[in-house]
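> turn this into a structure:
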Amino acid sequence: MTAMRRRFLKLASLLGGVALLWACNAPFIPVPPPGATFTSALVDDGAGGQKTVWTTHGLPSVHAAFATYYVYDEQTKGGIIATAAADGSFTGMPLEGTMGDHVQVRYQTPNGDYSDSTCLLLTTDVDPSTGSAPRCPP
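As a prediction, the model looks like this:
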């Protein structure tokens with residue numbers, strides 16, 4: 001009886017260890033990438049001329065409620081950080097850029113999950129199938 005009890009305890013310990021390992025490596029549930037649109041405006045450049053600035057408008061997403069958005073223009077090396085509203089939408093501060101620039105948009109949820117980064121073209125055009133700015137060409 002003692003040998004059988006030891007076997008049972010070893011098996012129970014092994015199963016408990018496997019369960020603990022699985023719990024620490026829970027399956028990853030991907031956070032969907034964000035969508036956004038851009039509007040442009042002419043502003044004074046401080047030297048008597050004008051420059052174009054762009055405002056990013058994040059599309060609503062239940063996955064991005066109160067998330068922190070990161071918007072980065074690859075050409076100008078400039079970016080903004082914005083906080084989403086309860087519906088996941090946001091409006092960022094103006095960002096310098098040129099029509100056609102590649103802009104990376106991603107977000108981090110309040111519990112620390114990151115979305116995939118999406119590359120969008122800096123344009124006022126909107127892709128009718130997504131409601132977002134067009135994606136960068138591959």
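> tell me where the model's unsure across this protein.
Along the chain, the parts satisfying pLDDT under 70 run over 1, 18, 20-31.
> and with 90 instead?
1-34, 45-46, 113-114, 138 (pLDDT under 90).
> how about the strands in it?
36-44, 50-58, 68-73, 78-83, 90-91, 95-96, 102-108, 118-121 (DSSP state E).
> name the surrounding residues that touch the second one.
Read it as strand 50-58. 34-45, 64, 69, 71, 80, 82, 84, 88-99, 103, 105, 107, 122 (C-beta atoms under 8 Å, 6 or more residues apart in numbering). Heads up, the C-betas are built off the backbone N, CA and C, glycines and all.
> list the neighbouring strands of that strand plus their orientation.
strand 36-44 (antiparallel), strand 90-91 (antiparallel), strand 95-96 (antiparallel) (DSSP bridges).
> for that strand, what is the distance to the chain centroid?
19 Å (C-alpha atoms, centre = their mean, to the nearest Å).
> tell me which residues in that strand are buried?
53-54, 56-58 (16 or more other C-beta atoms under 10 Å).
> closest to R7 among these?
G58 (57.9 Å; C-beta to C-beta).
> for that closest one, which non-adjacent residue is closest in space?
Take G58 and drop its neighbours on the chain: the residue closest to it by C-beta to C-beta, 6 or more residues apart in numbering is F90, 4.2 Å away.
> Y107 now?
Distance criterion C-beta to C-beta, 6+ apart; nearest residue to Y107, sequence neighbours excluded, is A67 at 4.2 Å.
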